[in-house]
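[1] sequence unavailable; structure follows:
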């Protein structure tokens, strides 16, 4: 029995350490920071073409134009490489009014299904100046 207890205590200790690492990484993965840190994760702006070739659930940032509403919370987005459908919940606009000639930045997750075309589930949308797009990196 003593070996069993020792093994159980060791296993419990390792499990607790692992949970501590998970809690630490979640606690320090995002949110407000007092100062800028070069290790803070940033996301490069990619093209529609790259988004369409991304894996399901990949977080993406796109810049371009919303050409039209497709009904409900679905929209057609365009950049110089093509078009892709966006799904934008009404509350994500946060009062922002967007017209077809407004240059916007959207961020969200790629949604791929075998039964429908690739789309982006938008988590955030903002208007940008066209000049800011020249400062972005294209992969």
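    Cool, got the structure. Since the structure is predicted, the reported quantities are computational estimates derived from the model, not experimental observations.
[2] next, count neighbours for residue 90.
    Using other CB atoms under 10 Å, residue 90 has 8 other residues around it. (Each C-beta comes from the backbone N, C-alpha and C, glycine too.)
[3] what of the one 4 residues further on?
    Counted by other CB under 10 Å, the residues lying close to residue 94 total 9.
[4] list phi and psi for it.
    Dihedral pair for residue 94: phi 50, psi 40, per degrees, to the nearest 10.
[5] again with residue 90
    phi -50, psi -40.
[6] now it: closest residue in space, sequence neighbours ignored.
    Spatially, and ignoring its direct neighbours in sequence, residue 90 is nearest to residue 73 (6.4 Å; CB to CB, 6 or more residues apart in numbering).
[7] so which residues of this structure form helices?
    With helices called from DSSP state H, the chain shows them at 2-27, 48-52, 130-133.
[8] weakest of these in terms of mean pLDDT?
    Set side by side, those differ in mean pLDDT, and helix 2-27 is lowest with a mean of 48.
[9] residues in contact with residue 59?
    Neighbouring residues of residue 59 by CB atoms under 8 Å, 6 or more residues apart in numbering: 43, 107, 108, 109.
[10] what sits opposite it in the beta ladder?
    Assessed by DSSP bridges, residue 59 has beta-bridge partners residue 109.
[11] do residue 74 as well
    Bridge pairing for residue 74 (DSSP bridges) gives the partners residue 71, residue 87.
[12] residue 87 reaches residue 116, doesn't it?
    No. With contacts counted by CB atoms under 8 Å, residue 87 stays clear of residue 116, the gap being 10.9 Å.
[13] more neighbours: the two, which one.
    Set residue 87 next to residue 116 and count neighbours by other CB under 10 Å: residue 87 wins out with 17 against 9.
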